[in-house]
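Asks: With the input below, show me the fold.
(chains A and B)
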2 protein chains.
Amino acid sequence: MEIDQPATQKKDSLFAPGWGWLKALLAKSTNKAVKVAKTTKKVGQDDPRRVIHSLKVGLALTLVSSVYYMRPLYEGFGVSGMWAVLTVVVVFEFSVGGTLSKCLNRGFATLFAGALGLGAQHLASLFGDKGEPVVLGLLVFLLAAASSFTRFIPRIKARYDYGVLIFILTFSLVSVSGYRMDELLTLAHQRLSTILIGGATCIIISLFVCPVWAGEDLHKLIASNLEKLANYLEGFEGEYFPDSDSTSEESTVTSKVDKALDLQGYKSVLNSKSTEESLANLARWEPGHGLFGMRHPWKQYLKIGALSRQCAYHIETLNGYIDTDIQAPLEFRNKIRESTTKMSSESSKALKALASAIQTMTDPSAANNHVEMSKTAIKELKIALKDDSVLENVDLVAIIPIASVTSMLTEITRCVERISESVHELASLAHFNGVEPTVSPEKPHLLHRGSIKPVLDGDDHDHVIITIHATNMQGSVLENHEIRHDQAPKASQLPATTT
Amino acid sequence: MEIDQPATQKKDSLFAPGWGWLKALLAKSTNKAVKVAKTTKKVGQDDPRRVIHSLKVGLALTLVSSVYYMRPLYEGFGVSGMWAVLTVVVVFEFSVGGTLSKCLNRGFATLFAGALGLGAQHLASLFGDKGEPVVLGLLVFLLAAASSFTRFIPRIKARYDYGVLIFILTFSLVSVSGYRMDELLTLAHQRLSTILIGGATCIIISLFVCPVWAGEDLHKLIASNLEKLANYLEGFEGEYFPDSDSTSEESTVTSKVDKALDLQGYKSVLNSKSTEESLANLARWEPGHGLFGMRHPWKQYLKIGALSRQCAYHIETLNGYIDTDIQAPLEFRNKIRESTTKMSSESSKALKALASAIQTMTDPSAANNHVEMSKTAIKELKIALKDDSVLENVDLVAIIPIASVTSMLTEITRCVERISESVHELASLAHFNGVEPTVSPEKPHLLHRGSIKPVLDGDDHDHVIITIHATNMQGSVLENHEIRHDQAPKASQLPATTT
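Replies: Numbering: from 1, shown residues only, chains lettered A, B, ... in the order given. Next comes the predicted model:
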């Protein structure tokens, strides 16, 4: 019994002679072209700033090329003019932070390595005509090996990788080539000024033509990740308790596709670590812009990101239960449905409130209420489960999946609480709108009476030492907090007495 | 009540005058230096190949620099000699795949862009003296913008990013600068031959001096990730049921620290995606080496990696329960302990068997038995829980955590089964030692009698069509499988009859 080759086995048509082969090839390449066109279109639609970035690169390169092209400038710079073109191609990055970091890395590395190269050359020349090449070779070997090794150090890899590369390059070129050229200083001057032209062009275009800020991207990414988690938790209720009264039959059908999309959104949070870290690294290079100050606490975003990922891991496990048949008796489900639903919906609302607080850079305390409600739901669930009637006629195997779901939702709720704490921390660190500068964010419930004593130690800064005699709400224990405030005006808002 | 400044507040000492300040500064910088030295040492110890790589870079650069330095060669190449140095610095990567991919990208992009640049120059010259700069500028703008945009397409970003960069660079340089130079072809020749010298030096050193293979690294990473998961599951048993009879009190105490380390190992699996993908991308550029053929199925490693991560997510959630107090009554725990312990230990053994099969590239079927055992354990658990006496005197709130743990272990067991399947697939694709070429890896339990009919269609390959009349174990349904084997000798090992 032999069946015909399935139509899907397209490869075979390659071996059919002549026309069929050509036809298949044409069809294949047309298919491929359509696919490529679609991918390209999608890449542009996903983030239209990519199209703008490409035009910006074209603009910068055309500008710098024309400098190289024009005779008067060309004669001034010599062959060095090409370094301007090279700089633009290599240095222009998608974000302002990327471009700035590469420009600064390139600039400082070139200067430093150039100076060192000159020194090396001078040192080598002391060893006579025969010793010189040996000493130069040794120096190049040592510096190249040592510098290459530093590129493995995570901190340097993250921030100065490009600088080290340029350092090795420039040092080798200067120390070795300088020997042949009498006018090394002229050359250095030419090269530096062309690099400057290239770098300045990149920085100006990147800063002033539709700038893309890595910091802003990180800010938005963190907020949208929280929102994705919230969407899952919002949709979860309807998916896991499809017979829930709150949604009518019709609306469930129509929005099913949208919901499925929403539910899968959290998956991208699972692998967001490297993106977040690289954005945070680039953001450090950016000057203050919009609502983000020069010392915006980018590190705090990474903390929130790590907690979001933790939450996403739990959701990933939870998601494994969504398609299993619920075998638990209806009675049992009804018993726990209310509190479970409340947990997921309140956690979802809390996350949404936090996401919108980050987005608008306003006080995130709107989330507190939802966090409290979700914590109450945990307690309610426990009470519901303590009810003895729950266990009547119950098959343990049947209820284990649903019990696990409640347990995981509890974990997620706790995770959301931690996320809320760290968003509050961010709000206080970044001075979000309407956020009072908390003196001790960890212990906001202390009653305190305090004293402020200006420290006049001849220093430039207005240092203020605040001594707070805090009485714990629970009783008689006195706690002493001594806090330094570098911003006197804010500290002075506190009630002040002299000791 | 004012207390003294705590000793930890080191910043204050900066404002104390004179000696103290200097002392603090010295202590601080000594601290920092020690820290840096320790980090550096650790970076080297973590992977000694990093030290070797640095020395290799030094060697390559010294060799190429001396070519530049020596007069006869220098006069032959002119200033272009520096391109050899530049190529070495930019192209030399840690792995063979990285170096090869950059060299090939650079070489082909330079050639292609050079030719295109010459064409552009010729085209522009047709527009007369006034039109030429405009046309050239336009061409540079269009090509730079279009090429920059392709760098956002994930597939190109992953494999040809560097090539596109070099393409933009070379095209701009050739099309614009060529206008000034009469001897463009001489220059091109010089530049290409110097790039060739640099590239060849890198490739030779990278291939023959302690080569680092990205493919081998990926292979080892996947195996060690499986082992990390296995270590967790092995340790989990002892951590979650510390009163287990199998471990004596003493050994528990001594190995506690080691175990804690083992248990945290899985965390690195959570974020392994980007490393795995970049290694797989580099591995594609590498020639066959050691036990890895030219067409080694690197993609299959990514599949195993994805499943391992899935498993790690579940373990991460499971890990949240490890420190919670177990409130479930001893009776209940004893009831489920055996099957739970069996699940985790058999899964662990299966993973270890799979990891060692990958490492040694041998038949992974030793894992099958453990997978079957862990599946049996799931059934045993269900039976144990079905026992009515389990629910007597049970507080549901108290048993939910432990019930969730069993549920998650069940998920993990299923995950391990999927991992096992995909490792078997890898073994068959990569022709591991002692692996029979399975006809249908998804359905290994089919009884089949088959027929092999060589296809002689004048093609170079030895195609064999195997028609298998498979009888499903469950009954009378006949399934037809038609499979193409590109390797006739292996296919002929199957029992052959003519239809």
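Asks: what's the helix or strand A:His219 falls within packed up against?
Replies: In the assignment (DSSP states H and E), A:His219 maps to helix A:214-240. On a contact count with 3 or more Cβ pairs under 8 Å, 6 or more residues apart in numbering or on different chains; DSSP states H and E, helix A:214-240 meets helix A:96-125, helix A:256-264, helix A:267-270, helix A:273-283, helix A:298-319, helix A:330-360, helix A:396-429. In this view, the C-beta of every residue, glycine as well, is placed from N, C-alpha and C.
Asks: wait, which of the ones you listed is closest to B:Cys415?
Replies: Among those, helix A:298-319 comes nearest to B:Cys415, with 10.5 Å by Cβ to Cβ.
Asks: hmm, that closest one in reach of chain B?
Replies: Yes - using Cβ under 8 Å from any Cβ of the partner chain, we find that helix A:298-319 touches chain B at A:Arg309, A:Gln310, A:Tyr313, A:His314, A:Glu316, A:Thr317.
Asks: With stretch A:157-170 instead?
Replies: Yes - counting by Cβ under 8 Å from any Cβ, chain B is contacted by stretch A:157-170 at A:Leu165, A:Ile168, A:Leu169.
Asks: Now rank these by neighbours and give me the top one.
Replies: Neighbour counts for the residues of stretch A:157-170 next to chain B peak at A:Ile168, which has 28 neighbours (criterion: other Cβ atoms under 10 Å in any protein chain shown).
Asks: which residues touch that one?
Replies: A:Ala113, A:Leu143, A:Ala144, A:Ser147, A:Ser148, B:Val57, B:Leu61, B:Val89 (Cβ atoms under 8 Å, 6 or more residues apart in numbering or on different chains).
Asks: Now do the same contact list for the third one.
Replies: Applying Cβ under 8 Å, 6+ apart, one finds that A:Ala144 lies in contact with A:Ile168, A:Phe171, A:Ser172, B:Ser54, B:Val57, B:Gly58, B:Leu61, B:Thr62.
Asks: One more: the fourth one?
Replies: Counting by Cβ under 8 Å, 6+ apart, A:Ser147 makes contact with A:Val164, A:Phe167, A:Ile168.
Asks: Could you report the neighbour count for the second one?
Replies: Residues lying near A:Phe167 (other Cβ under 10 Å) number 27.
Asks: any idea which element it lies in?
Replies: helix A:154-177.
Asks: Could you check how far that helix is from the centre of its chain?
Replies: 26 Å (Cα atoms, centre = their mean, to the nearest Å).
Asks: For that helix, buried residues please.
Replies: Residues A:156, A:160-177 are the ones in helix A:154-177 that count as buried (16 or more other Cβ atoms under 10 Å in any protein chain shown).
Asks: Skip ahead from it and say which helix or strand is next.
Replies: helix A:184-208.
Asks: Just list what that following helix packs against, helices and strands only.
Replies: helix A:49-69, helix A:71-77, helix A:81-91, helix A:96-125.
Asks: The ones you listed: which one's closest to chain B?
Replies: helix A:49-69 (3.4 Å; Cβ to the nearest Cβ).
Asks: wait, is A:Phe323 part of a strand?
Replies: You called it Phe, but residue A:323 is Asp. No - using DSSP: H, G, I helix; E, B strand; the rest coil, the assignment for A:Asp323 is coil, not a strand.
Asks: got the angle for the helix holding A:His219 vs helix A:96-125?
Replies: 130 degrees (axes from the mean of the first three to the mean of the last three Cα atoms, to 10 degrees).
Asks: pLDDT averaged over helix A:214-240 - what is it?
Replies: The pLDDT scores in helix A:214-240 average 90.
Asks: Buried residues, that helix. List them.
Replies: Quick answer for helix A:214-240 (16+ other Cβ under 10 Å): A:214-219, A:221-240.
Asks: Any figure for the gap between the closest residue to A:Cys103 other than its chain neighbours and A:Val89?
Replies: Of all residues not flanking A:Cys103 in the chain, A:Gly199 sits nearest, at 4.4 Å (Cβ to Cβ, 6 or more residues apart in numbering or on different chains). Distance, A:Gly199 to A:Val89, by Cβ to Cβ, to the nearest Å: 12 Å.
Asks: Which one of these two is surrounded by more residues?
Replies: Using other Cβ under 10 Å as the criterion, A:Gly199 and A:Val89 rank with A:Val89 on top: 26 against 23.
Asks: So that one sits against B:Ser172, correct?
Replies: Yes - at 7.0 Å, A:Val89 counts as touching B:Ser172 under the criterion of Cβ atoms under 8 Å.
Asks: shared neighbours, these two?
Replies: In contact with both A:Val89 and B:Ser172: A:Leu61, using Cβ under 8 Å, 6+ apart.
Asks: average pLDDT across stretch A:89-99?
Replies: Per-residue pLDDT values over stretch A:89-99 give a mean of 92.
Asks: quick one: is it near chain B?
Replies: Yes - interface with chain B: stretch A:89-99 contributes A:Val89, A:Val90 (Cβ under 8 Å from any Cβ).
Asks: possible to save the helices and strands packed on helix A:214-240 as JSON lines with mean neighbour count and distance to A:Arg191?
Replies: Shown next, in JSON lines, are the helices and strands packed on helix A:214-240 (neighbours: other Cβ atoms under 10 Å in any protein chain shown; distance: least, Cβ to Cβ, whole Å):
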{"stretch": "helix A:96-125", "mean neighbour count": "20", "distance to A:Arg191": "8"}
{"stretch": "helix A:256-264", "mean neighbour count": "14", "distance to A:Arg191": "52"}
{"stretch": "helix A:267-270", "mean neighbour count": "18", "distance to A:Arg191": "44"}
{"stretch": "helix A:273-283", "mean neighbour count": "19", "distance to A:Arg191": "27"}
{"stretch": "helix A:298-319", "mean neighbour count": "22", "distance to A:Arg191": "34"}
{"stretch": "helix A:330-360", "mean neighbour count": "21", "distance to A:Arg191": "45"}
{"stretch": "helix A:396-429", "mean neighbour count": "22", "distance to A:Arg191": "43"}
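Asks: Going by distance to B:Ala357, which of the contacts of A:Ala144 wins?
Replies: The closest of the contacts of A:Ala144, once distances to B:Ala357 are taken by Cβ to Cβ, is B:Ser54, at 34.6 Å.
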